[in-house]
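1. Just to be clear, the model below is a prediction. Sequence and coordinates:
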Amino acid sequence: MDILRVVRYLALVFWGLPWTLLASELIDIKRDVELAISLKPNLDNGRILYSLCIVCHSPEGWGSHNGYYPQIAGQLPGVLIKQLADIRARNRDNPTMLPFSLLQALGGVQGMADVSAYISALPMSRDSDVGPGFDLALGEELYRKECAECHGDRGEGDDKEHIPMLQGQHYSYLKRQFNWIRIGKRRNADEKMVKQIQRFSQREISAMMDYVSRLKPPQEKLAPPGWQNPDFPGFSRTNLPPEMHRRDWRELPLPPTRPTMPQ
Ligand code: HEC
Ligand code: HEC
């Protein structure tokens with residue numbers, strides 16, 4: 001029997017939630033990540049748990065063009081597990097999502113494995129946002145020299161090393177996360193990467209992220225055109241950012257323009 005789990009249980013029974021949260025902090029995150037990765041995931045349970053996430057991430061998990069939400073669909077399961085654990089441990093600041101990353105919400109380490117496997121199996125968006133395209137040759141050169149050894153030639157990532165797949169990620173999200181890793185705001189990042197990226201100028205960063213945002217996932221990972229996740233038929237999309245309302249938002253008629261004054 002694990003002593004920290006006993007402490008957490010006693011805290012829950014005797015002192016209520018604040019102490020429970022404190023005690024769950026003490027649980028060894030690295031060990032939870034390794035355990036979750038070794039478990040056999042249950043996709044049905046993953047789907048049930050994902051209903052906690054869709055209010056923000058939407059049933060498809062495709063993120064938003066403005067980069068506020070990342071595309072999480074299709075991400076490598078080991079990466080999803082590590083990010084969830086890091087958010088829970090507050091190694092990565094995400095106050096709105098924190099309660100949803102707690103093991104109490106996910107029903108333990110098994111739940112973390114289940115929801116991550118479900119998300120990772122979701123087909124990906126064909127329409128992730130890309131940069132302005134000014135400086136792609138520089139972006140490609142730098143990416144190949146500085147990033148490909150870890151993130152892969154095509155941005156495919158590495159599940160075993162928890163290196164994120166960058167394919168299909170939105171441009172603004174990539175830029176924000178890269179800068180947060182660089183200035184140390186995202187404290188969970190790979191130390192070697194943090195050191196290596198200090199010397200880039202903003203021009204170089206934009207060029208690299210632009211190039212990276214154009215690395216598309218392979219055809220078999222993409223959703224068919226017009227796909228909507230059938231697992232959550234009753235979900236109301238009205239609270240999501242406009243581009244997440246409907247799958248084909250680019251084809252919608254533009255909102256009525258304001259009437260102009262007669263000349
Ligand atoms: C209240 C809104 C909200 C809810 C609910 C929520 N998330 Fe998030 N999540 C976010 C935001 C915002 C980000 C981006 C944070 C950032 O910019 O660092 C995020 C980021 C993530 C990431 C990191 C992805 C990456 O590649 O960097 C993962 C993984 C994730 N969420 C999984 C989940 C799961 C699983 C659930 C449900 C159990 C969930 N989220 C529920 C808002 C939410
Ligand atoms: C030594 C290996 C390594 C190198 C080199 C490296 N990275 Fe990373 N990168 C990582 C790891 C590991 C993470 C995940 C950190 C974490 O756990 O949050 C990451 C995270 C990221 C993220 C955040 C992705 C997300 O979904 O949240 C971006 C963007 C990124 N890297 C871009 C780059 C670019 C561009 C370069 C080249 C300039 C680069 N990286 C070089 C290992 C590396």
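-> Yes, it's here. Numbers count the residues shown, from 1 in each chain. Ligands and ions are numbered 1, 2, ... in the order given.
2. use CA for all of it now, contacts and neighbours both
-> Will do.
3. Am I right that Ser101 is in contact with Arg88?
-> Yes: Ser101 lies in contact with Arg88 (Cα atoms under 8 Å); the separation is 5.3 Å.
4. Count the residues that sit near Lys192.
-> 8 (other Cα atoms under 10 Å).
5. show me the contacts for Gly155.
-> Contact analysis of Gly155 by Cα atoms under 8 Å, 6 or more residues apart in numbering lists 148, 165-167, 212, 215.
6. Spatially nearest residue to Arg188, not counting backbone neighbours?
-> Not Arg; residue 188 is Asn. Asn91 (5.3 Å; Cα to Cα, 6 or more residues apart in numbering).
7. oh sorry, the question was meant for Pro164
-> Per Cα to Cα, 6+ apart, closest to Pro164 is Gly157, 4.9 Å.
8. Now, the contacts of Gly155 that are in helices?
-> Taking DSSP state H as the definition of helices, those contribute 148, 212.
9. May I see the PyMOL selection of the buried members of the contacts of Gly155?
-> Here is the PyMOL command that selects the buried residues among the contacts of Gly155 (16 or more other Cα atoms under 10 Å):
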select buried, resi 148+165+166+167+212+215
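10. any chance of the contacts of Gly155 in a markdown table, plus pLDDT and distance to Ile29?
-> Listed next are those as a markdown table, based on pLDDT from 0 to 100; distance: Cα to Cα, whole Å:
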| residue | pLDDT | distance to Ile29 |
| --- | --- | --- |
| Ala148 | 97 | 28 |
| Met165 | 98 | 22 |
| Leu166 | 98 | 24 |
| Gln167 | 97 | 27 |
| Val212 | 98 | 30 |
| Leu215 | 97 | 31 |
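11. Of the contacts of Gly155, which are in range of ligand 2?
-> By Cα under 6 Å from any ligand atom, no member of those lies near ligand 2.
12. Gln177: which of the contacts of Gly155 is nearest?
-> Proximity of those to Gln177 (Cα to Cα) peaks at Leu166, which lies at 11.4 Å.
13. tell me the SS of the closest residue to the closest one other than its chain neighbours?
-> Leaving out its chain neighbours, the residue that sits closest to Leu166 by Cα to Cα, 6+ apart is Gly155, at 5.0 Å. Three-state assignment for Gly155 (DSSP: H, G, I helix; E, B strand; the rest coil): coil.
14. so what's the closest residue to ligand 1 within the chain up against?
-> In the chain, the residue found nearest to ligand 1 is Cys53; the distance is 3.5 Å by Cα to the nearest ligand atom. Neighbour list for Cys53: Phe100 [criterion: Cα under 8 Å, 6+ apart].
15. try the one 5 residues further on
-> If a contact means Cα under 8 Å, 6+ apart, then Ser58 has 237, 240, 244 as its contacts.
16. Now do the SS call for the first one.
-> To tie it back to what came earlier, the one meant is Arg237. coil.
17. The last one now?
-> Assigned with three-state DSSP, Met244 falls in the helix class.
18. Surely it and Arg237 touch.
-> Yes: when contacts are counted by Cα under 8 Å, Met244 is listed as touching Arg237 (7.5 Å).
19. Just give the nearest non-adjacent residue to the residue positioned nearest the centre of the chain, would you?
-> By Cα atoms, centre = their mean, the chain has its centre lying nearest to Ile72, at 4.3 Å. The shortest distance from Ile72 to any non-neighbouring residue, by Cα to Cα, 6+ apart, is to Gly61 (5.4 Å).
20. Fine by me, we can end here.
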